[in-house]
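Asker: whatever this is, show me its structure:
(one chain, ligands or ions: 4)
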Amino acid sequence: MAIINFGGTQEEVITREEFPLDKAKEVLANETIAVLGYGIQGPGQALNLKDNGFNVIVGQRKKSKSWDNAVRDGFIEGETLFEIEAAAEKGTILMNLLSDAGQIAAWEQIKPHLTEGKSLYFSHGFGATFHKQTGIVPPKEVDVFLAAPKGSGTSLRRLFLEGKGLNSSYAIFQDASGRAKEKALAIGIGIGSGYLFETTFQKEVYSDLTGERGVLMGAIAGIFEAQYEVLRSKGHTPSEAFNETVEELTQSLMPLVAENGMDWMFANCSTTAQRGALDWKGKFKEANKPVLEDLYESVATGNEAAITIKANSQPNYREKLEEELTELRNSELWQTGLEVRKLRP
Ligand SMILES: NC(=O)c1ccc[n+]([C@@H]2O[C@H](COP(=O)([O-])OP(=O)(O)OC[C@H]3O[C@@H](n4cnc5c(N)ncnc54)[C@H](O)[C@@H]3O)[C@@H](O)[C@H]2O)c1
Ligand SMILES: CC(C)(O)[C@@H](O)C(=O)O
Ligand SMILES: [Mg+2]
Ligand SMILES: [Mg+2]
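Answerer: Residues are numbered from 1 along each chain as shown. Ligands and ions are numbered 1, 2, ... in the order given. I've put the predicted structure just below:
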């Protein structure tokens, strides 16, 4: 285990050098890995595991788009592709990659197959942490652990194919066999993680729900809209407002942040930009911190889980989400984005 000094705090991380793929294969040699759910994480994790040489089957509702995707990706009905319950019966490590609401609906189908010696895996602390709302209480005889890629399943797959990797957290919820940790790390490496850092189920779900509602998705989408609307209201054209809000960020400045940090990005902008950004940074922080405190509170009280479960358990939840995404796509800001992307050399 490598001990890394993260800005003054020592943390242990598991790298591919310390836990190589061969070791992961040794640990999981006798396991049949059943990936339950083939939405976004399902394909990324199942295909990476398969390409890495693990024994993988998929469990998915038949007559669904996800089932067709699994067939398209080479899983064969009756051999490596089954209904959820049949896959849960055949698998020895059940990877619960149904949607968080779907995991509640499917729990009674999965639970009877969690017999002694088997393992239950998640990519989120949601189900087990909010068990009062989800009813997901794993039987005592099984190992329960998670590896949670810090990014989209689409990126997990793309980076794997490029020979790179997304980082993941890992956590042990229950260690019945005494081998839960090595299994968690082996799966974490097998799905293509670049390195793994330790967490708990509760910390994973609290930080994940905060991050995606906050800076990673909700806040960024909101602040884009706010700046775009201000620029438009002051007479700027759509292309100018879009370029100054989104395109420059994704194409020019964020790659610099990714490469070498915020000060590096600042240092590669004008002294005029640096002066202003350093002055305004504090105001943005001050305005946003209370919103983020509210958000964390809403996560920690279980309110965000309740909202998610209620919304995503409706029979028409997909149509409703698609409607909202369509509205976003059709807004002037993102229609401008569509044209700007086409103009990229
Ligand atoms: N999307 C990501 O990239 C990502 C990243 C990290 C962690 N996670 C976590 O991984 C897990 C899977 O997320 P996802 O985004 O891949 O899921 P998703 O929303 O794409 O859904 C996955 C599958 O669940 C199935 N499903 C939904 N409701 C069902 C029901 N009632 N009965 C049976 N099947 C049902 C769908 O057919 C779909 O194939 C979640 O715990 C999520 O929080 C997701
Ligand atoms: C990809 C994210 C946002 O990191 C994940 O948490 C999710 O829920 O999809
Ligand atoms: Mg999430
Ligand atoms: Mg996440």
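Asker: C-alpha from now on. contacts and neighbour counts both.
Answerer: Will do.
Asker: now the residue of the stretch 201-345 of the chain found nearest ligand 2: phi and psi?
Answerer: Nearest residue of the stretch 201-345 of the chain to ligand 2: residue 212, at 4.8 Å (C-alpha to the nearest ligand atom). Dihedral angles of residue 212 (phi, psi; degrees, to the nearest 10) stand at phi -70, psi -30.
Asker: pretty sure it is touching residue 218, no?
Answerer: Yes - using C-alpha atoms under 8 Å, residue 212 makes contact with residue 218 at a distance of 6.5 Å.
Asker: which residues touch residue 90?
Answerer: Residues in contact with residue 90, defined by C-alpha atoms under 8 Å, 6 or more residues apart in numbering, are 32, 34.
Asker: nearest spatial neighbour of residue 217, skipping sequence neighbours?
Answerer: With sequence-adjacent residues excluded and distances taken as C-alpha to C-alpha, 6 or more residues apart in numbering, residue 217 is closest to residue 211, at 7.7 Å.
Asker: ok, now residue 97?
Answerer: Residue 97 sits nearest to residue 37 (C-alpha to C-alpha, 6+ apart), 4.9 Å away.
Asker: so how far is ligand 1 from the one you found?
Answerer: Separation of residue 37 from ligand 1 (C-alpha to the nearest ligand atom, to the nearest Å) stands at 4 Å.
Asker: what's the local residue count around that residue?
Answerer: 26 (other C-alpha atoms under 10 Å).
Asker: which ones are touching it?
Answerer: By C-alpha under 8 Å, 6+ apart, the residues touching residue 37 are 58, 59, 60, 61, 66, 84, 96, 97, 98, 99.
Asker: roughly how far apart are it and residue 159?
Answerer: Per C-alpha to C-alpha, to the nearest Å, residue 37 is found 21 Å from residue 159.
Asker: with residue 180 instead?
Answerer: 27 Å.
Asker: more neighbours: which of these two?
Answerer: Between residue 180 and residue 159, residue 180 has the larger neighbour count (other C-alpha under 10 Å), namely 22 against 16.
Asker: wasn't residue 305 part of a strand?
Answerer: No - Residue 305: not assigned to a strand; according to DSSP: H, G, I helix; E, B strand; the rest coil it is helix.
Asker: what is the burial count for it?
Answerer: Residue 305: 22 neighbours (other C-alpha under 10 Å).
Asker: residues touching it, list them.
Answerer: Residue 305 makes contact with 126, 130, 133, 299 under the criterion C-alpha under 8 Å, 6+ apart.
Asker: still on that earlier bit, show me the contacts of residue 37 that map onto strands.
Answerer: Judged by DSSP state E, the subset of the contacts of residue 37 located in strands is 58, 59, 96.
Asker: and the gap between the residue sitting furthest away from the middle of the chain and ligand 1?
Answerer: The centre of the chain is farthest from one residue, residue 235, which by C-alpha atoms, centre = their mean lies 38.6 Å away. Using C-alpha to the nearest ligand atom, residue 235 is found at 38 Å from ligand 1.
Asker: please report how far that residue lies from residue 241.
Answerer: From residue 235 to residue 241 the distance is 10 Å (C-alpha to C-alpha).
Asker: no further questions, thank you.
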